[in-house]
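1. this one's structure only:
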């Protein structure tokens, strides 16, 4: 008897990546170590923006935890020494703070190539300082919107026009819903895709402050994002989109040069 076998189905080609969701966790909060485990369970990685001067202090990550995050494949970014509002400082003081913070993180033998402005506060001096101190890009907070307006867009281009002022939607806060996060993504997809940075602070079992979200919301968001792969949406660290090598910090003797 001649057996006829059905032809093997060809593997379905992967959808071309059109939208990248870049998760950023600001302030080096101690809750971020557990948040990273949630990311790991979904096979994705994020960027953890660290205030190097606050490491090993109450409520903050330890040096060992930061190194562990890097070993797990997450990216580490700069966020100033002690979460200072940069626009309150002189141009020279901004440069000194940003460079000193990056130098301290690089001493941990971790490449640090992107920066996040605390409070999203930045000006021309801040942007010049981030570039001077060796960062390949810097991220603010705000500037994107799901509702069209004269000076905003729903998503950044995959190669942002202003690499030292990369825009986001507002921070994920205690009252941010899963539907609101989904809408940011689907609006970006309908706009043709691009880079969609998401700003997260504390991640707790329950809401633990105005600038916090829950572990469940993060897990549910990542589960939903996995279903968007067929639409060309994926989760990657900002560094993977921006690219560039880890450059050295300029010599300290030049930080205060005008």
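-> Done, it's in. Everything quoted here is computed from the prediction, not taken from an experiment.

2. CA atoms for contacts and neighbours, from now on please.
-> Noted.

3. helix, strand or coil for residue 24?
-> strand (DSSP: H, G, I helix; E, B strand; the rest coil).

4. Contacts only, for it.
-> Listed by C-alpha atoms under 8 Å, 6 or more residues apart in numbering, the contact set of residue 24 reads 46, 47, 48, 49, 197, 198, 199, 200, 237, 238.

5. Let's see that with 7 Å instead.
-> Residue 24 sits next to 46, 47, 48, 198, 199, 200 when contact means C-alpha atoms under 7 Å, 6 or more residues apart in numbering.

6. List only buried entries from the residues you listed.
-> Among those, the ones that count as buried by 16 or more other C-alpha atoms under 10 Å are 46, 47, 48, 198, 199, 200.

7. looking at this, the fourth one is in a strand?
-> Think residue 198. Yes - Residue 198 forms part of a strand when assessed by three-state DSSP.

8. Grab the two from the contacts of residue 24 that are most spread out in space.
-> Within the contacts of residue 24, 48 and 198 form the most distant pair, 11.8 Å apart (C-alpha to C-alpha).

9. Show me the shaky parts of the stretch 101-250 of the chain.
-> The model of the stretch 101-250 of the chain has no residue with pLDDT under 70.

10. repeat that for 80
-> Applying pLDDT under 80 to the stretch 101-250 of the chain flags the ranges 148, 151.

11. just so I have it, where are all the helices in it?
-> Taking DSSP state H, counting those that start in this stretch to define them, one finds helices in the stretch 101-250 of the chain at 124-132, 178-190, 215-226, 238-242.

12. Residue 20 is nearest to which of those?
-> helix 238-242 (8.0 Å).

13. Would you mind listing the buried residues in that closest one?
-> 238, 239, 242.

14. so how far is residue 135 from the last one?
-> Separation of residue 242 from residue 135 (C-alpha to C-alpha, to the nearest Å): 11 Å.

15. same deal with residue 105?
-> On the measure of C-alpha to C-alpha, residue 105 and residue 135 end up 12 Å apart.

16. Compare neighbour counts for these two and give me the winner.
-> A count of neighbours by other C-alpha atoms under 10 Å puts residue 135 above the other of residue 105 and residue 135, at 27 against 23.
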